[in-house]
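> Here is my input; please provide its structure:
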Amino acid sequence: QVQLVESGGGLVQAGGSLKLSCTASGRTFSSYNVGWFRRAPGKERAFVAVISRSGYDSRYADSVKGRFTISRNNAKNTVDLQMNSLKPEDTAVYYCAAATTFGVEEGRYNYWGQGTQVTVSS
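Residues are numbered from 1 along each chain as shown. So this is what the prediction gives:
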């Protein structure tokens, strides 16, 4: 089992940057693929990015490609989401999640953090 805690959210102006971090507890963190999802006001939770257990493979939602970068440090049990060129439509609660299989489907993720708010002002 793994517990996840997100940090790094906040308020930023459009065009700015934020880095979210997901810190995991447990010695088996490197056994999990880790994804980021977000829930915008009035919308369903949606996939943002995922990184494989080794860190060698990643996928991004079309809406964030070229602006967001996911990375991980298995020695520190962390997965980061660097978000650049932020837009007001990136405003959402961001969640990290862990899965034993690699993919973008929300249903494959067994463990979830509590979420962190990101607000982008225009």
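
> what comes into contact with stretch 5-16?
18-24, 85-88, 94-96, 113-122 (CB atoms under 8 Å, 6 or more residues apart in numbering). Glycine gets a C-beta too; all of them are placed from N, C-alpha and C.

> how many neighbours does Q3 have?
13 (other CB atoms under 10 Å).

> Who's the closest spatial neighbour of it, skipping the chain neighbours?
Nearest residue to Q3, sequence neighbours excluded (CB to CB, 6 or more residues apart in numbering): S25, at 4.4 Å.

> now T116
Spatial nearest neighbour of T116, chain neighbours left out: G9 (3.4 Å); criterion: CB to CB, 6+ apart.

> List the residues that contact V120.
Contacts here follow CB under 8 Å, 6+ apart; on that basis V120 touches L11, V12, Q13, A14, G16, L86, K87, P88, E89, D90, T91.

> which one of these is nearest R108?
R108 lies nearest to D90 out of these, by CB to CB, at 23.8 Å.

> how about the strands of this protein, start to end?
Under the criterion DSSP state E, the chain carries strands at the ranges 3-7, 10-13, 18-25, 33-39, 45-51, 58-60, 68-73, 78-83, 92-99, 111-112, 116-121.

> Now render those as CSV, adding distance to E105 and mean pLDDT.
Listed next are the strands of the chain as CSV, based on distance: least, CB to CB, whole Å; pLDDT from 0 to 100:
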stretch, distance to E105, mean pLDDT
strand 3-7, 18, 96
strand 10-13, 29, 98
strand 18-25, 19, 97
strand 33-39, 9, 98
strand 45-51, 8, 98
strand 58-60, 11, 98
strand 68-73, 17, 98
strand 78-83, 18, 98
strand 92-99, 9, 98
strand 111-112, 14, 96
strand 116-121, 22, 98
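
> got the contact list for E89?
E89 neighbours (CB under 8 Å, 6+ apart): A40, S63, V120.

> Next: T100.
Taking CB under 8 Å, 6+ apart, we find T100 in contact with S31, Y32, N33, N110.

> Bridge partners for the residue nearest the centre of the chain, pull those for me.
Nearest residue to the geometric centre of the chain (CA atoms, centre = their mean): W36, 2.5 Å. W36 forms beta bridges with A49, C96, as assigned by DSSP bridges.
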